[in-house]
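Enquirer: with the sequence up front, the predicted model follows.
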Amino acid sequence: MAFTGKYVLESQENYKEFLKALGIKDDSDSINDEMITDIYQNDSFRLTKFLMNRTWNNIFLIGKESELQTLDGEMFKTTVTLDGGKLKIQFPKYLYTAEVNGDRLTEVITDGAVTNKMISKRAN
C-alpha cells in the first residue's frame, strides 16, 4: 500500500504556466498552496484532492477502464496503469503521473511542452 496516505503540498513548479496552457483563466485557481492529496490503495484506488473550494474524487481499478472526472467536472473514460511504481492517468488534455518515495508524493502533470511538478509530504 505504498500510495496510501494523506499528503500536503510542499512545493511545485510551473503551476500558472500549466493552467495557462490548459486555457484556465480563473484567478481563484492561480494559487494552490493549500492542496491536500488523499490516496487510498487497496484492490481499488481512491484519489481525492482538496484544493481551495473544490474537492475532486476518483475511484478506479488498475488496468480496468474507469470513468473519472477532471478538476473542471468533465467526465471521461480511461484505463489507469501502474508501471514501475508510477501511477499513470491519461486525462483528456494532459498526462498525470504519481509516485511515492519515502514520505514524499511526486506528481507530474504534462500538457505538451508544459509540465507542472508538485511534491507533497505525507501528513501524520
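Expert: It's in.
Enquirer: give me the below-cutoff pLDDT ranges for the protein.
Expert: For the chain, the stretches with pLDDT under 70 are 1, 25-33.
Enquirer: which parts of it are helices?
Expert: For the chain, the helices defined by DSSP state H cover 15-22.
Enquirer: which residues in it form strands?
Expert: For the chain, applying DSSP state E gives strands covering 5-13, 36-41, 45-51, 54-60, 65-69, 75-79, 81-83, 86-90, 95-101, 104-111, 114-122.
Enquirer: so which bits of the last one are buried?
Expert: Going back to what we said before, that points to strand 114-122. In terms of neighbour count (16 or more other C-beta atoms under 10 Å), strand 114-122 has its buried residues at 115, 116, 117, 118, 119, 120, 121, 122. C-betas here are computed from N, CA, C, even on glycine.
Enquirer: please produce a markdown table containing those residues, extended by distance to residue 107.
Expert: Output for those, formatted as a markdown table (distance: C-beta to C-beta, whole Å):
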| residue | distance to residue 107 |
| --- | --- |
| 115 | 11 |
| 116 | 8 |
| 117 | 7 |
| 118 | 5 |
| 119 | 8 |
| 120 | 7 |
| 121 | 13 |
| 122 | 13 |
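Enquirer: nothing else from me, thank you.
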